[in-house]
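Provided below are the primary sequence and the corresponding predicted coordinates.
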Amino acid sequence: MLRLGAEPDIMREMELDDIFISRLQLLIIMSKAYLLEYPLGRHRVKSILENAQCVKGDAVGLAEDLDFIDSPEDAISTLEFDKIFYQRVKLLAVMAEAFAKGHTLEPPKKEALEKNLQSICGAITFNQQISDIQFLKVA
Amino acid sequence: MREENIIPNVKIAVVDEDVIIRDFVVGTLMYSVNREVLPFDNGFDAWVYFEEAGFPDMVVADVNLQEIDGYTLLTKIKERSARTIVVMISNKWEHEAIVAELGADAFLAKPFGVNALFELVQKFVVDESVK
């Protein structure tokens, strides 16, 4: 039997923070696949739009929460990102929605997307290797 | 470069009563395979659908389900459709040995992320023999 996910000693229920980070990682992969010109399909478009909407909503909410937190104990989230990070995430979601809807991103916008991806990946220490997503080349 | 292909018309179902986790798993798998992924919020509805519409190629189900629990769903699926890949999700390590004994093909331990779901696709849904 194949075993994936958390090691036994750190298994626990998934929190909203886990889902936010996981959805953000998925959005990063979706964006990298777009930049590599991997094919889109009807279901991929639907998945990108739904994921971008979720990530954008969470990013806006988490950024707003920062204004109302007086102490770490008051925080809903245990994530330690600043407002600029959430702005970058929101921008990534907007760009993902644009390419999923078929809007062509011109080279300067693609460059901006790449820079934004690098910044976000650095903040969450996430580096999905291209070799890991080869199977996405087939739609 | 290795040529990889998704099994044609692959059918995947996700059974989880937690809508947030279910939607995340469904969305990730749907993106991976570019096919519709069937969501169910309880084991009974999933079982009724499988009996009427046919068994999917892969079922991803939480151990803790209403009406028909995950162990029962796993057992019934394997009895009726041994070819169906069954992946069981849990937040308790004690469940791993039990689902292995009942015939699960994979155990997905919470918390898990995108990489674990991609690995499932790579392992069970990518057909390297299709050219």
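That came through, no problem.

most centrally placed residue in chain A?
Nearest to the geometric centre of chain A sits A:Leu24, at 1.9 Å (Cα atoms, centre = their mean).

What is the neighbour count of the closest residue to B:Thr84 other than its chain neighbours?
Nearest residue to B:Thr84, sequence neighbours excluded (Cβ to Cβ, 6 or more residues apart in numbering or on different chains): B:Phe55, at 4.9 Å. Where C-beta positions appear, they are placed from N, C-alpha and C, glycine not excepted. By other Cβ atoms under 10 Å in any protein chain shown, 17 other residues sit near B:Phe55.

what's the answer for the one 4 residues further on, then?
Counted with other Cβ under 10 Å, the neighbours of B:Val59 add up to 26.

Name the SS class of it, please.
Under DSSP: H, G, I helix; E, B strand; the rest coil, B:Val59 falls in the strand class.

residue contacts, it?
Neighbouring residues of B:Val59 by Cβ atoms under 8 Å, 6 or more residues apart in numbering or on different chains: B:Ile12, B:Ala13, B:Val14, B:Val15, B:Ala46, B:Phe50, B:Leu73, B:Ile77, B:Thr84, B:Ile85, B:Val86, B:Val87.

Now do the contacts for the fifth one.
Applying Cβ under 8 Å, 6+ apart, one finds that B:Ala46 lies in contact with B:Ala13, B:Val15, B:Phe40, B:Val59, B:Ala61, B:Ile68, B:Leu73.

Go through those residues and name the one nearest B:Gln122.
Nearest to B:Gln122 among the contacts of B:Ala46: B:Val59, at 17.6 Å, using Cβ to Cβ.

quick one: B:Leu120 and A:Arg3, what's the gap?
11 Å (Cβ to Cβ, to the nearest Å).

Please say which of the two ends up with more neighbours.
B:Leu120 (25 against 13).

Put the alpha carbons of the strand or helix carrying that one into PDB.
Using DSSP states H and E, B:Leu120 maps to helix B:114-120. Output of helix B:114-120 as PDB, limited to C-alpha atoms (Å, rounded to 0.1, in the frame of the first residue of the first chain):
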ATOM      1  CA  VAL B 114      -0.800  19.200  -3.600                       C
ATOM      2  CA  ASN B 115       2.300  17.000  -4.000                       C
ATOM      3  CA  ALA B 116       0.600  14.000  -2.400                       C
ATOM      4  CA  LEU B 117      -2.400  14.300  -4.700                       C
ATOM      5  CA  PHE B 118      -0.100  14.700  -7.800                       C
ATOM      6  CA  GLU B 119       1.800  11.600  -6.700                       C
ATOM      7  CA  LEU B 120      -1.500   9.700  -6.600                       C
END
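
which of the contacts of B:Ala46 sit farthest apart?
Among the contacts of B:Ala46, B:Ala13 and B:Ile68 lie farthest apart (Cβ to Cβ), at 13.4 Å.

could you show me where the strands are in chain A, in order?
A:2-5 (DSSP state E).

Looking at it, which helix is longest?
helix A:42-68 (DSSP state H).

Quick one: mean pLDDT over stretch B:72-88.
Average pLDDT, stretch B:72-88: 98.

Sort out which residues of that stretch are buried, please.
By neighbour count with 16 or more other Cβ atoms under 10 Å in any protein chain shown, stretch B:72-88 contains the buried residues B:Leu73, B:Leu74, B:Thr75, B:Ile77, B:Lys78, B:Ser81, B:Thr84, B:Ile85, B:Val86, B:Val87, B:Met88.

can you check stretch A:14-28 too?
Buried residues in stretch A:14-28 (16+ other Cβ under 10 Å): A:Met14, A:Asp18, A:Ile19, A:Phe20, A:Ile21, A:Ser22, A:Arg23, A:Leu24, A:Gln25, A:Leu26, A:Leu27, A:Ile28.
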